[in-house]
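Engineer: Just to be clear, the model below is a prediction. Sequence and coordinates:
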Amino acid sequence: MSTDRPTIVWLRKDLRLKDNPALRAAAAAGPIVPLYIHEENGPARALGAASRWWLHGSLEALASDLEKSGGRLILRRGAAADVLTNLISETNAKGVYWNRVYDTPSMKRDAAVKSRLRDDGLDCRSFNASLLNEPWTVKTTTGSDFRVFSPYWRTAKSLIATPSRQVESPPSLTFVTPRPLSEHLADWALRPRSPDWSEGFAEWTPGEQGAQTRLKAFLSGPLRGYAVNRNYPGEKGVSKLSPHLHFGEIGPRQVWAALHNVAQSESADSLEIFRNELGWREFNYYLLYNNANMPQENLNRSFPSIRWRHNPTEMRAWRRGRTGYPIVDAGLRQLWSSGWMHNRVRMIVASFLVKHLLVDWRKGEAWFWDTLVDADLASNIGNWQWVAGCGADAAPYFRIFNPILQGQKFDPDGHYVRRWSPELARLPNSLIHSPWKGSPSILADAGVNLGHSYPRPIVDHLQARDRALAAYKGLQHA
DNA sequence: CCTGGAGTTGTCCTA
DNA sequence: TTAGGACAACTCCAG
């Protein structure tokens, strides 16, 4: 009888059935209870609106996948410790397994839960489903922690098994009976109602199937030219795997192993550069793990205390994509509309906010957190700090993206700008990244009424650049 | 302990 | 037209 006692699988950022170590281990031990806990007031930062949208789809997909195996995903709200305690007593569970998350408050809570459950005699185990290398396993030769990407990644890469060790999908799942009660996903109201702003999210397919489809499409297409095309936001040059990876609908080990199996010869550069992107994801997790206050504080302690500006009008213009710089506005509109932004453009809009508008990077980070479907604490914090110059491998202070040049370089035919700012579509390529330079007659022919149909630049590039240089330079000893 | 090359993604001016 | 150097100084990290 006691051999039939189930194991609870507490799912978090690992919403998949394949390559899921906690799920596999639990299934090997007998019947399982797959559980997702929605913690509105948990230790981790509350999900942004776009992430909530994604989570709904991901849970729906996971529930459906589990039903195909004859089981049910149990949905509960509340503090994790309470939910687990209740479910353990309802099901007479003998253990709780989960895959780790890596933000410090959650890790502390998980450690406390684990120790309490073990005190109660439960079999409690945690696994790694999210990272190629867990943060505490990568050290310099002297045993310290890396703070620069390249040496970090050189070492981290050497620790990854090739092809990466993968957990097989569980051979078969058995589920506890009778089924515990589950809440209804719809009651969690994760998706917007009135207004429903998610129309532009239709391109996304949350869930394990969607992740696999996205990976296959990338490997058989854009990967070949990734080294070059990834820089062109108007091309289909990138994988778009980020939200799937964030929610654990696919794991980095699966991606790593899949890369190992593609033909190396023609796309060696591209393979290496794409692997580097996985490396940056790992590095940001590593940094956040080693610097728990990074969400609030500059990683670089000697970073000058810049007097950030507060201009609500400019901030609103930035958020809504009305800065008057087409590549910046296109990016912010893509974000607002689709929940995602091309990485090249993320750098441009972030640099524009922090340098041209001199706005605290935390404000940009907060906006990305709310609007990105792939919003990930480690990546978001690490990359915003990098752009601001206060993070790891900080850009030199004089590296200020020129939004006109960046547009001309990486969207030379204006496809990207025209896609997201149709009011500019009829401008010639020579003006698509600097409409204010057009003569009145050319603008009129293109139907562009500056200051009305499309804004004039809210700051002058050269003036803003000089102001940023002065702010970053003059305060060095502050 | 010391040394020295290196460090994600840029821009602008000059020759 | 294009290529190279300046733009700071500092920390990181391997040898």
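Structural biologist: Perfect, I can see it now.
Engineer: Contact distance from DNA strand B - what residues of the stretch 201-350 of chain A qualify?
Structural biologist: For the stretch 201-350 of chain A, the contact set with DNA strand B under Cβ under 7 Å from any atom of the strand comprises A:231, A:276-277, A:280, A:343-344, A:347. Quick note: C-beta positions are derived from backbone N, CA and C, even for glycine.
Engineer: Which residues of chain A lie near DNA strand C?
Structural biologist: Counting by Cβ under 7 Å from any atom of the strand, chain A sits next to DNA strand C at A:140-142, A:144-148, A:151-152, A:154-155, A:302, A:396-398, A:473.
Engineer: In helices, which of those residues fall?
Structural biologist: Members of the residues of chain A next to DNA strand C lying in helices (criterion: DSSP state H): A:151-152, A:154-155, A:473.
Engineer: List the buried residues in the lengthiest helix in chain A.
Structural biologist: Looking across chain A with DSSP H, the single longest helix is helix A:268-290. For helix A:268-290, the neighbour count (16 or more other Cβ atoms under 10 Å) marks A:270-271, A:273-275, A:277-290 as buried.
Engineer: can you list the residues that contact the lowest-mean-pLDDT helix or strand in chain A?
Structural biologist: In chain A, no helix or strand scores lower on mean pLDDT, DSSP states H and E than helix A:461-474, which sits at a mean of 88. With contact meaning Cβ atoms under 8 Å, 6 or more residues apart in numbering, helix A:461-474 is reached by A:304, A:306-307, A:325, A:355-358, A:389, A:397-398, A:400, A:402-404.
Engineer: and the residue lying closest to residue A:117 once chain neighbours are set aside, what does it touch?
Structural biologist: In this structure, residue A:117 finds its nearest non-sequential neighbour in residue A:124, 4.4 Å apart by Cβ to Cβ, 6 or more residues apart in numbering. Residues counted as contacts of residue A:124 (Cβ under 8 Å, 6+ apart) are A:95-97, A:113-114, A:117-118.
Engineer: Quick check: phi and psi on the residue of the stretch 351-478 of chain A at minimum distance from DNA strand C?
Structural biologist: Of all residues in the stretch 351-478 of chain A, residue A:396 sits closest to DNA strand C, at 2.8 Å by Cβ to the nearest atom of the strand. Dihedral pair for residue A:396: phi -60, psi 150, per degrees, to the nearest 10.
Engineer: pLDDT at it, what is it?
Structural biologist: On the pLDDT scale, residue A:396 is placed at 80.
Engineer: Just the closest residue of the stretch 51-200 of chain A to DNA strand C, please.
Structural biologist: Closest residue of the stretch 51-200 of chain A to DNA strand C, Cβ to the nearest atom of the strand: residue A:146 (3.2 Å).
Engineer: so how many other residues sit close to that residue?
Structural biologist: Using other Cβ atoms under 10 Å, residue A:146 has 20 other residues around it.
Engineer: which residues does it contact?
Structural biologist: Neighbours of residue A:146 in contact, by Cβ under 8 Å, 6+ apart: A:138-140, A:152, A:155, A:286.
Engineer: got it, and residue A:423?
Structural biologist: A:447-448, A:453-454.
Engineer: how about 7 Å then?
Structural biologist: Each residue near residue A:423 by Cβ atoms under 7 Å, 6 or more residues apart in numbering is listed here: A:448, A:453-454.
Engineer: repeat for residue A:433
Structural biologist: So, once contact is read as Cβ under 7 Å, 6+ apart, residue A:433 ends up touching A:326-327, A:404, A:407-408, A:417.
Engineer: on that earlier part again, show me just the buried residues among the contacts of residue A:146.
Structural biologist: A:138, A:152, A:155, A:286.
Engineer: ok, of those, which one's closest to residue A:215?
Structural biologist: For the buried ones among the contacts of residue A:146, the minimum distance to residue A:215 (Cβ to Cβ) is 23.7 Å, reached by residue A:286.
Engineer: hmm, which of the contacts of residue A:124 are the buried ones?
Structural biologist: Among these, those classed as buried by 16+ other Cβ under 10 Å are A:95-97, A:113-114, A:117.
Engineer: circling back to that earlier point, now the residue nearest to residue A:117: phi and psi?
Structural biologist: For residue A:124, the backbone dihedrals are phi -120, psi 120 (criterion: degrees, to the nearest 10).
Engineer: Would you check which pair of the ones in helices among the residues of chain A next to DNA strand C lies furthest apart?
Structural biologist: Greatest spatial distance in those: A:155 and A:473, 34.1 Å, computed using Cβ to Cβ.
Engineer: Find the nearest non-adjacent residue to the closest residue to DNA strand B within chain A, please.
Structural biologist: In chain A, the residue that lies nearest DNA strand B is residue A:393 (2.8 Å; Cβ to the nearest atom of the strand). Ranked by Cβ to Cβ, 6+ apart and with sequence neighbours excluded, the top spatial neighbour of residue A:393 is residue A:149, at 5.3 Å.
Engineer: Residue A:200 now?
Structural biologist: Among residues not flanking residue A:200 along the chain, residue A:337 sits closest, at 3.8 Å (Cβ to Cβ, 6+ apart).
Engineer: okay, the one you found: pLDDT?
Structural biologist: For residue A:337, the model assigns a pLDDT of 98.
Engineer: try residue A:114
Structural biologist: Residue A:114 is assigned 98 on the pLDDT scale.
Engineer: name the element it belongs to?
Structural biologist: Here residue A:114 is covered by helix A:104-119, with elements defined by DSSP states H and E.
Engineer: Same question for residue A:323.
Structural biologist: Assigned by DSSP H and E, residue A:323 belongs to no helix or strand.
Engineer: Please name the residues that touch it.
Structural biologist: Each residue near residue A:323 by Cβ under 7 Å, 6+ apart is listed here: A:317, A:329, A:352, A:457-458.
Engineer: Okay, it and residue A:349: tell me how far apart.
Structural biologist: To residue A:349, residue A:323 is 9 Å away according to Cβ to Cβ, to the nearest Å.
Engineer: Which one of the residues of the stretch 201-350 of chain A next to DNA strand B is nearest to DNA strand C?
Structural biologist: Closest to DNA strand C out of these is residue A:280 (14.2 Å), distances taken as Cβ to the nearest atom of the strand.
Engineer: Name the residues of stretch A:227-246 that come out as buried.
Structural biologist: The neighbour-count check on stretch A:227-246 (16+ other Cβ under 10 Å) flags A:227, A:229-235, A:237-246 as buried.
Engineer: Now go through those residues and say which are in helices.
Structural biologist: Under the assignment DSSP H, the buried residues of stretch A:227-246 contribute A:227, A:229, A:242-246 to helices.
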